[in-house]
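Asker: whatever this is, show me its structure:
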Amino acid sequence: MLTSSDKQLSRIERLPAELQFLILDNLNQVHSTCLGLTCKQLYEVHRYRHCSVHLYLVDPFTGKKLKDFLTQWMGDTLVDGMMYFYGKFVTKELLKRARQDLLEKGIGSDYKRLKRVGK
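Answerer: Numbers count the residues shown, from 1 in each chain. Reported below is the predicted structural model:
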């Protein structure tokens, strides 16, 4: 019988840690990152195995970059762009605030580094 805390976990999260490690060990870094981003627990396992993964890492099977997988997965409704200055995906509001902060600080050259994904 499942407890109330188990009901909130996905099936993969309920697997023993050893099995989670085996699953992620059989994925390349791009796919491990994508699976890891589905929940905190798997992300911790992914980070333990692969540390930090660059957004421009190429998937050997498809030739697509990690950032392309993430952009396709999250879509335009969740992600407006990527701030190359910080190397993170951001919401439209955060991107707008970051651009404004750079303009207020007079950092014109860094402002140009803030671009939309795919541009």
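Asker: any low-confidence regions in the chain?
Answerer: For the chain, applying pLDDT under 70 flags the ranges 1-7, 75-92, 107-119.
Asker: the domain parsing of the chain - what is it?
Answerer: 1-75, 79-119 (automatic domain parsing).
Asker: okay, strands next: where are they in this protein?
Answerer: In the chain, the segments counted as strands under DSSP state E are 81-83, 88-90, 114-116.
Asker: Ser32: what's it in contact with?
Answerer: Counting by C-beta atoms under 8 Å, 6 or more residues apart in numbering, Ser32 makes contact with Leu24, His46, Arg49, His50, Val53. From N, CA and C alone the C-beta is placed, and that goes for glycine too.
Asker: same thing but at 10 Å, please
Answerer: If a contact means C-beta atoms under 10 Å, 6 or more residues apart in numbering, then Ser32 has Ile23, Leu24, Asp25, Asn26, Leu42, Tyr43, Val45, His46, Arg47, Arg49, His50, Val53 as its contacts.
Asker: so which of the residues you listed comes closest to Leu9?
Answerer: Leu42 (10.9 Å; C-beta to C-beta).
Asker: which one is the closest one nearest to, not counting chain neighbours?
Answerer: Nearest non-adjacent residue to Leu42, counting by C-beta to C-beta, 6 or more residues apart in numbering: Gly36, 4.8 Å away.
Asker: any idea how many residues pack against that neighbour?
Answerer: 24 (other C-beta atoms under 10 Å).
Asker: settle this for me: it is touching Cys51, isn't it.
Answerer: No - checked against C-beta atoms under 10 Å, the pair Gly36 and Cys51 is beyond contact range at 11.7 Å.
Asker: out of the contacts of Ser32, grab the one that's most surrounded.
Answerer: Most surrounded of the contacts of Ser32: other C-beta under 10 Å gives His46, at 24 neighbours.
Asker: ok, that one to Lys64 distance?
Answerer: 18 Å (C-beta to C-beta, to the nearest Å).
Asker: picking that back up, can you list residues touching both of Gly36 and Cys51?
Answerer: Common neighbours of Gly36 and Cys51 (C-beta under 10 Å, 6+ apart) are Gln29.
Asker: how about the contacts made by Phe69?
Answerer: By C-beta under 10 Å, 6+ apart, the neighbours of Phe69 are Val30, His31, Thr33, Cys34, Leu37, Leu55, Leu57, Asp59, Thr62.
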